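>>> can't give you the sequence, but here's the structure:
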C-alpha cells in the first residue's frame, strides 16, 4: 500500500508519461496558500507541481469535506493565477487503490460540489482539454447508470 505522498508522485508521473510532457499540469494545494500555484503566462497549459513532491508536503485538506476544498479553489486570485475555479481533482485514497481513479469535481449552479471518477493518469487531459459541455451527461450517466 502506497503512502499518500507516493500515490501523488505516482499520479503526477503517470500524467507526465501519458502526455509526454516534462511536468504535469497538476497543481497541489499547500498550507491554504496560493503562492505555489503558477501565474497565468498567456498560454492554455501551465507547468504544475514538479515531479517528486517534497517529502514534507501534506495536503491541507486531508480529512476535510469537499466544500472546504471548493471554497479554497473558488478563492484563488485570478488573475494572476492560471487555475480553473470550476473544475478540480481530489484524491480519494480508497477510490484510487480500488480503481486507479481520482475524483473530478465541479461546483454546480447552487454552489454544491458534484464528482465524477476519472482515471488518475489521465486527469491532466480532462482538466486541460475535456469538452466540459459533456459534464452534465457524464455526471448523470454515473449517477443514474
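Arrived safely. Not measured: the values here are computed from a predicted model. Numbering: from 1, shown residues only.
>>> who's in contact with residue 60?
29, 30, 31, 32, 72 (Cβ atoms under 8 Å, 6 or more residues apart in numbering). In this view, the C-beta of every residue, glycine as well, is placed from N, C-alpha and C.
>>> residue 15 reaches residue 126, doesn't it?
No. With contact defined as Cβ atoms under 8 Å, residue 15 does not reach residue 126; the gap is 10.2 Å.
>>> in terms of neighbours, single out the busier of these two.
A direct count of neighbours by other Cβ atoms under 10 Å for residue 15 and residue 126 places residue 15 higher, at 23 against 17.
>>> show me what whatever helix or strand that one lives in is in contact with.
When elements are assigned from DSSP states H and E, residue 15 belongs to helix 4-19. Helix 4-19 is contacted from outside by 2, 22-26, 28, 48-49, 51-53, 55, 57, 59, 62, 91, 93, 96, 102, 120-125, using Cβ under 8 Å, 6+ apart.
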